[in-house]
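A.B. asks: this one's structure only:
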């Protein structure tokens, strides 16, 4: 099971955060969930499953995702309106190395996201704490350094 932040909206003192949750089962079945945390509540906006879930499985879905979602929100219960929103709060960015080491880590995040079937640019954005434009520059730097394959084949 994997949980990753999709996006976040801040309005005055409240924070609304969306999380993507993916559950892969041993028999090849998969469930994708879009969960929203706002205030002290959690709601499920969308559920996609292959093969479709039975009503019993749908009822058990909340139990399946409760603990991983709570950990992604910063441990314990869902985030409260006035509490910090984890590593993406404010303008503080997580420590990220610069230079060749940073570009190597960007390439690792990018490839891991591709393997997991997630948006690689969003994965780099979450890992570095940078904007989409800055993350694209970091990815381009990793390509230039040779850590990622070239975007287009040159003739």
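C.D. replies: Cool, got the structure. Every value quoted in this text rests on a predicted model; they were computed, and no experiment measured them.
A.B. asks: Which strands border the helix or strand that contains residue 15, and is each parallel or antiparallel?
C.D. replies: Using DSSP states H and E, residue 15 sits in strand 14-24. According to DSSP bridges, strand 14-24 forms sheet pairs with strand 2-11 (antiparallel), strand 30-38 (antiparallel).
A.B. asks: List just the one of those that sits closest to residue 146.
C.D. replies: strand 2-11 (27.2 Å; Cβ to Cβ). Placement of C-beta: from N, CA and C, glycine included.
A.B. asks: List the buried residues for the closest one?
C.D. replies: 3, 4, 5, 6 (16 or more other Cβ atoms under 10 Å).
A.B. asks: Skip the chain neighbours and tell me the closest residue to the second one.
C.D. replies: Right, the one you point to is residue 4. residue 20 (5.6 Å; Cβ to Cβ, 6 or more residues apart in numbering).
A.B. asks: What is the neighbour count of the one you found?
C.D. replies: Each residue near residue 20 was counted by other Cβ atoms under 10 Å, and the total is 19.
A.B. asks: Contacts only, for it.
C.D. replies: By Cβ atoms under 8 Å, 6 or more residues apart in numbering, the contact list for residue 20 reads 3, 4, 5, 6, 32, 33, 34, 118.
A.B. asks: and the two most separated of these?
C.D. replies: Top of the distance list for those (Cβ to Cβ): 5 and 32, 14.9 Å.
A.B. asks: what angle do the helix or strand of the chain with the lowest mean pLDDT and strand 14-24 make?
C.D. replies: Lowest on mean pLDDT, DSSP states H and E among the helices and strands of the chain sits helix 55-72, with a mean of 80. With axes from the mean of the first three to the mean of the last three Cα atoms, to 10 degrees defining the directions, helix 55-72 sits at 120 degrees from strand 14-24.
A.B. asks: Mind listing what's buried along helix 55-72?
C.D. replies: By neighbour count on 16+ other Cβ under 10 Å, the buried set for helix 55-72 is 61, 65, 69, 70, 72.
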